[in-house]
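**Student:** the amino acid sequence is not available; the structure is as follows:
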């Protein structure tokens, strides 16, 4: 073979069967920040976009190695960095819950936290008592029953003040919004009519805006009578976001707080209700104005999160889709009031053939372009594996039976019969769409949101959910298959799914964080030698096993002996991706054959998932 003549000392271990043995081994020497997480340089273009965080502020750096406060002593040293670097967390009123979560997330290499948010809710009011009723309109809402001013309910007090300005003024609709944040004065546009209400139990913010959605800055309540919308915000006595950003500064973590969730259309839970778009944008404007006044220079404010969940698909006429209109209007407000901070949105993929509105990879790519045009700066599609809406398989695997854990969703069938394509197909097509948008001058990042759960489980991890615990090999597989098409990988979610079970996912990562994960292989000559470039994580010193249909025995190449590990960041890929080059004469492989590429660590641990390269001659 030609490459043997060119490379002296190349060891080919023949006759060795390729044994898949996903055996976890604990590391004995945890690393500190920056060691072992070197990104590598690359030849060739990536379709995934700019470097991590390119649409937002510079990433904060951890301050110091340890600090102590009333919640305990916490370490800001990174120890077991994993390819997933962002996580959702659940809002909580106990800030001593956040500190351990930030420490745990930072320990596994996390640099991004996304917060869920509550929804803006239109409410009926009891005309006799002035009480805000619950979402069903059946009884008073206990949360807002304590909102009282001078012996009047907050609704009655607001109406009294409006009529004092002009007897023709009236409240035409009342809305409520719940948060544990505590806003500053910049949330008020008209202080003579808007203010903070402090009761023994809670804190409320009273916001009043014209019911035509203009949020008129003139604050003229007296010259003529008109209709107004009242927004009552049930807030925290202290500001959770201030505390989260302080933790972000400590740990070098960017925080994406959630925007107010749009009211849902009564005709379909998955649709936003355009009837309330004016009030939604008013509340959004007030909140992001306040963020801008207090936090615009903070690196730890990474951007904002659009929490309205929708399926990414090919909308025949996007301009007529109410949900897209609502999101675009809300995103426009963010762009105007919080410039430089990107909007993160995480739509879901549904690849199931038996669903009417499921999308093919090409249709999802067209949907990606539509969402980018709403003003989203970061699109992180959910991979769908946790819900069973998508499958982790290669094109040459399509006739294999689906993973046993997917059968409760799609049945006992094959991947080809269950799904229009695998995860990798979808992200590849969306990466291509991202590149086409960039050529039009629309810049958006493509991230992957890996679902860290299973469709079902004997012991569900999350409250009010049947979703079960998954394991690290399945996470490794998901990382492999989103591959070279994304600039960052995040996961839903840390609270519950990474902390439940024994061992928890967080514990499994800590024990096995540096197992190799390959994400891509392609032909790349080096000087006059033919060879393969392999990209992935923890590739230093790996042995590469190559096999294909028709070869008698696998070929094993020791990269520590004859390969080259090339350092330096790869534009558009996650920062910890490395590349290793190995010599190999691809003329040995018949054209069109799929080459199975397995990687094994120096200590014998095998990657949970091989990668495949289709030889095109």
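**Tutor:** Received it, and whenever you're ready, just let me know what you need. Keep in mind that this is a model prediction, so the values were computed, not measured.
**Student:** please, where are all the strands along the stretch 201-350 of the chain?
**Tutor:** Assigned strands in the stretch 201-350 of the chain, in chain order: 203-210, 227-235, 254-256, 264-265, 268-272, 304-306, 343-345 (criterion: DSSP state E, counting those that start in this stretch).
**Student:** and those strands: which comes nearest residue 597?
**Tutor:** In terms of CB to CB, the element of the strands of the stretch 201-350 of the chain nearest to residue 597 is strand 343-345, at 32.9 Å. To be clear about C-beta, it is placed using only N, CA and C from the backbone, and glycine gets the same treatment.
**Student:** one step back: of the strands of the stretch 201-350 of the chain, which shows the lowest average pLDDT?
**Tutor:** Confidence, taken as mean pLDDT, is least for strand 268-272 of the strands of the stretch 201-350 of the chain (a mean of 88).
**Student:** and it, what does it pack onto?
**Tutor:** strand 264-265, helix 322-337 (3 or more CB pairs under 8 Å, 6 or more residues apart in numbering; DSSP states H and E).
**Student:** re the thing from before, can you check which of the strands of the stretch 201-350 of the chain gets nearest to residue 356?
**Tutor:** Of the strands of the stretch 201-350 of the chain, the one closest to residue 356 (CB to CB) turns out to be strand 268-272, at 12.8 Å.
**Student:** give the partner strands of that closest one in its sheet and their orientations.
**Tutor:** Under the criterion DSSP bridges, strand 268-272 sits next to strand 264-265 (antiparallel) in its sheet.
**Student:** distance from the strand it pairs with to the middle of the chain?
**Tutor:** 23 Å (CA atoms, centre = their mean, to the nearest Å).
**Student:** quick one, grab the pLDDT at the residue nearest to residue 65 when sequence neighbours are not counted.
**Tutor:** For residue 65, ignoring the flanking residues on the chain, the nearest one in space by CB to CB, 6 or more residues apart in numbering is residue 77 at 5.2 Å. As predicted, residue 77 sits at a pLDDT of 89.
**Student:** how close does residue 563 sit to residue 552?
**Tutor:** Distance of residue 563 to residue 552, given as CB to CB, to the nearest Å: 23 Å.
**Student:** so between those two, which is more surrounded?
**Tutor:** Applying other CB atoms under 10 Å to residue 563 and residue 552 shows that residue 563 carries more neighbours, namely 25 against 7.
**Student:** what residues are up against that one?
**Tutor:** By CB atoms under 8 Å, 6 or more residues apart in numbering, the residues touching residue 563 are 544, 557, 580, 581, 582, 583.
**Student:** phi first, then psi, for the fourth one.
**Tutor:** Torsion angles at residue 581 (phi, psi; degrees, to the nearest 10) stand at phi -110, psi 140.
**Student:** before we move on, back to that, what is the burial count for the residue nearest to residue 65?
**Tutor:** Burial of residue 77 is recorded as 15 neighbouring residues (other CB under 10 Å).
**Student:** do the one 5 residues further on as well
**Tutor:** Residue 82 sits with 29 neighbouring residues when counted by other CB under 10 Å.
**Student:** same thing with residue 414?
**Tutor:** A count of neighbours around residue 414, defined by other CB under 10 Å, yields 16.
**Student:** ok, now how distant is it from residue 221?
**Tutor:** Taking CB to CB, one finds residue 414 at 66 Å from residue 221.
**Student:** and what of residue 466?
**Tutor:** Per CB to CB, residue 466 is found 51 Å from residue 221.
**Student:** pick out whichever of those two has more residues nearby.
**Tutor:** Higher neighbour count among residue 466 and residue 221: residue 221, with 22 against 13, using other CB under 10 Å.
**Student:** who are the contact partners of the nearest residue to the more buried one once chain neighbours are set aside?
**Tutor:** Among residues not flanking residue 221 along the chain, residue 165 sits closest, at 3.9 Å (CB to CB, 6+ apart). Residue 165 sits next to 193, 221, 222 when contact means CB under 8 Å, 6+ apart.
**Student:** again, but for residue 613
**Tutor:** Contact partners of residue 613, counting by CB under 8 Å, 6+ apart, are 521, 522, 523, 532, 594, 595, 597.
**Student:** quick one: what helix or strand has it in it?
**Tutor:** Assessed by DSSP states H and E, residue 613 sits inside strand 611-614.
**Student:** deepest of the helices and strands packed on strand 268-272, which one?
**Tutor:** Among the helices and strands packed on strand 268-272, helix 322-337 has the highest mean neighbour count (mean count of other CB atoms under 10 Å), at a mean of 20.
**Student:** average pLDDT across it?
**Tutor:** The model assigns helix 322-337 a mean pLDDT of 96.
**Student:** for that helix, packing partners?
**Tutor:** Using 3+ CB pairs under 8 Å, 6+ apart: helix 322-337 touches strand 268-272, helix 277-295, strand 304-306, strand 343-345.
**Student:** and residue 447, that's in a strand?
**Tutor:** Yes - the assignment for residue 447 (DSSP: H, G, I helix; E, B strand; the rest coil) places it in a strand.
**Student:** not counting sequence-adjacent ones, nearest residue to it?
**Tutor:** Spatial nearest neighbour of residue 447, chain neighbours left out: residue 380 (3.7 Å); criterion: CB to CB, 6+ apart.
**Student:** does the one you found touch residue 444 like I think?
**Tutor:** No - using CB atoms under 8 Å, residue 380 is not in contact with residue 444; the gap is 10.7 Å.
**Student:** that older thread, in strands, which of the contacts of residue 613 fall?
**Tutor:** Within those, residues falling in strands by DSSP state E are 521, 522, 523, 532, 594, 595, 597.
**Student:** among the strands of the stretch 201-350 of the chain, which is nearest residue 389?
**Tutor:** Per CB to CB, nearest to residue 389 of these: strand 268-272, 13.4 Å.
**Student:** could you figure out how far that closest one is turned away from helix 322-337?
**Tutor:** In terms of direction (axes from the mean of the first three to the mean of the last three CA atoms, to 10 degrees), strand 268-272 departs from helix 322-337 by 40 degrees.
**Student:** for strand 268-272, which positions count as buried?
**Tutor:** For strand 268-272, burial by neighbour count (16 or more other CB atoms under 10 Å) applies to 271, 272.
**Student:** just want the angle from it to helix 277-295.
**Tutor:** Using the same axes, to 10 degrees: strand 268-272 against helix 277-295 is 60 degrees.
**Student:** next helix or strand past the helix or strand of the chain with the lowest mean pLDDT?
**Tutor:** When the helices and strands of the chain are compared on mean pLDDT, DSSP states H and E, helix 2-6 comes out lowest with a mean of 38. The C-terminal neighbour of helix 2-6 among helices and strands, as given by DSSP H and E, is strand 66-69.
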